[in-house]
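>>> Have a look; sequence and predicted model below, questions after that.
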Amino acid sequence: MDDRLPREEILIFLKRNNRASLKAIADHLGMTKMGAYKHMVKLENEGLVSRKVIKKPVGRPEYVFELTDKGKQFFQNSDSLILNELLNFLDREGHGNIVIKFLKERVRHLTKEYMEKMKGKEMGEKVELLREFRSRDGYMAEVKRVGNSFELIELNCPIYKIASVYGEACQLERDLFAKVLNAEVQSTHRQVIGSPVCRFIISKKGEGNSA
């Protein structure tokens, strides 16, 4: 575990795993189940997590925790009512092209920035730089190697509300990754359609993707 406070670390852990037992949370935090339980009670009182009791064939029932809707909003910095109303208004008034133009311009600038900093780098180095850039911009990105490919996970989506109204946003970001990495990129999970994370599989061209 890194230097994040237990409260934030627990929320991120649940975001990443969808749900987790008290023991799993305690092991992740490196503390006793009683110590972890005290943190979970506080998060429950804040309305950020909820618990379920799972009965086992043998032994005591087990607590399993997951994020509530309020807890999920902890990761959605742009999830504001006003922004949502504005986007729906633009769409209703037939001005959605302005939003699409903004998204394309944003991707154009990011493409230029990323490619300049990735010049001369190997694939693994490029993917790690991409993780750094995305985390810097609020996506809380993580990367791991999966066979000959890379798995990029984004725990947060700063453009969640935009993407929920304009699906083009997700496609533009996938295309951004493919271009700057000069790779094949498959989007397997998206937060705007109910997944707890956005997940991408990145492979060298011609090697194909495995989910």
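Done, it's in. From a predicted model like this one, the values you see are computed outputs, not experimental measurements. Residues are numbered from 1 along each chain as shown.
>>> Show me where the protein has its strands.
Ranges of strands in the chain, per DSSP state E, are 19-21, 49-54, 62-67, 141-146, 149-154, 183-189, 198-204.
>>> and those as TSV, adding distance to residue 167, mean neighbour count and mean pLDDT?
To be clear about C-beta, it is placed using only N, CA and C from the backbone, and glycine gets the same treatment. Shown next, in TSV, are the strands of the chain (distance: least, C-beta to C-beta, whole Å; neighbours: other C-beta atoms under 10 Å; pLDDT from 0 to 100):
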stretch	distance to residue 167	mean neighbour count	mean pLDDT
strand 19-21	27	17	92
strand 49-54	30	14	90
strand 62-67	24	18	90
strand 141-146	21	15	94
strand 149-154	16	22	96
strand 183-189	11	17	96
strand 198-204	13	20	96
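>>> Including distance to residue 88, could those go into JSON lines?
Listed next are the strands of the chain as JSON lines, based on distance: least, C-beta to C-beta, whole Å:
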{"stretch": "strand 19-21", "distance to residue 88": "32"}
{"stretch": "strand 49-54", "distance to residue 88": "29"}
{"stretch": "strand 62-67", "distance to residue 88": "25"}
{"stretch": "strand 141-146", "distance to residue 88": "29"}
{"stretch": "strand 149-154", "distance to residue 88": "24"}
{"stretch": "strand 183-189", "distance to residue 88": "24"}
{"stretch": "strand 198-204", "distance to residue 88": "22"}
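>>> domains in this structure, as residue ranges please.
By the assignment in automatic domain parsing, the chain contains the domains 6-73, 81-204.
>>> So what would you say the end-to-end distance of the first one is?
It stands for domain 6-73. Domain 6-73 has its terminal residues 18 Å apart, counting by C-alpha to C-alpha, to the nearest Å.
>>> how close does the residue of the chain positioned farthest from its centre sit to residue 69?
When distances to the mean C-alpha position of the chain are computed (C-alpha atoms, centre = their mean), the maximum falls on residue 58, with 36.0 Å. Counting by C-beta to C-beta, to the nearest Å, the gap from residue 58 to residue 69 is 34 Å.
>>> longest single helix anywhere in this protein?
In the chain, with assignment by DSSP state H, the single longest helix is helix 96-118.
>>> Show me which positions of that one end up buried.
96, 99, 103, 106, 107, 110, 114, 118 (16 or more other C-beta atoms under 10 Å).
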